[in-house]
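J.: Next one to model:
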Amino acid sequence: MRKLLLLLTCLLMCSCSALALAADKTKAADDPDAIKPIASISAAEMNERLHVGNSEDLLYVKIKEDRIEVYQGLATDRSLRKQLILAMPNTEMLRLYTNNKATFAQINKMLSDYESSNANFNGYKIITDKDTPKKLENGGKIYRLWFMKIEREKQSRRGGWNFPIGIGIGIGGGHHHGPWIGVGW
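T.: Just a heads-up that it's a prediction; the model follows:
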């Protein structure tokens, strides 16, 4: 009877934790505070906007060849910049364009800091670089940089010491009487 009660308790705990994890994931996906682009435009439209030389706080993120997402307010809000980095797709090189020097400086500093500190973004690390600004005829500049999230190496690939540890839980059997917990190498 005690074994059955232990088994039912274990199953109940597992199902409750699985439901809590699923609820957290759906809550994160429906988060109203998550950064969203103010527009999704084509590459031709981005080029037109950039060549006008408007120095608004806009950042153009080239996701695919002809899909550009436009974000606003990144020069002054560090939280938005971090949300943008987290929301961007993994293992794709993303090109960033802006006419605003402050937006460029802040996003470049943040990406460079994450790269130098080797920060972990859900199993990915950041690599980044900037291009020389493109000068416009009206005296403005287009600031350009790129970044990419690259999957981190698994610990087993690094050549270090690997000690597999197994934990077993058994009930009864053999010369053991009652529950036991064993740790093996």
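J.: Show me which strand runs longest in the chain.
T.: If you go by DSSP state E, the chain has its longest strand at strand 141-151.
J.: Please name every helix or strand in contact with that strand.
T.: Under the contact criterion of 3 or more CB pairs under 8 Å, 6 or more residues apart in numbering; DSSP states H and E, strand 141-151 touches strand 94-98, helix 101-117, strand 124-130, strand 134-135. (C-beta placed from N, C-alpha, C; glycine too.)
J.: Against K134, how distant is the closest residue in space to Y143 that isn't next to it in sequence?
T.: Distance criterion CB to CB, 6 or more residues apart in numbering; nearest residue to Y143, sequence neighbours excluded, is F104 at 3.6 Å. Distance, F104 to K134, using CB to CB, to the nearest Å: 12 Å.
J.: These two: which is more packed in?
T.: F104 (23 against 13; other CB atoms under 10 Å).
J.: In what element of secondary structure is the spatially most central residue of the chain found?
T.: Nearest to the mean C-alpha position of the chain, by CA atoms, centre = their mean, lies L86 at 3.2 Å. Secondary structure assigned from DSSP states H and E places L86 in helix 78-87.
J.: Pull out the buried residues from that helix.
T.: Under the neighbour-count criterion of 16 or more other CB atoms under 10 Å, helix 78-87 has L80, R81, Q83, L84, I85 buried.
J.: now it against strand 141-151, angle please.
T.: Calculated by axes from the mean of the first three to the mean of the last three CA atoms, to 10 degrees, helix 78-87 forms an angle of 50 degrees with strand 141-151.
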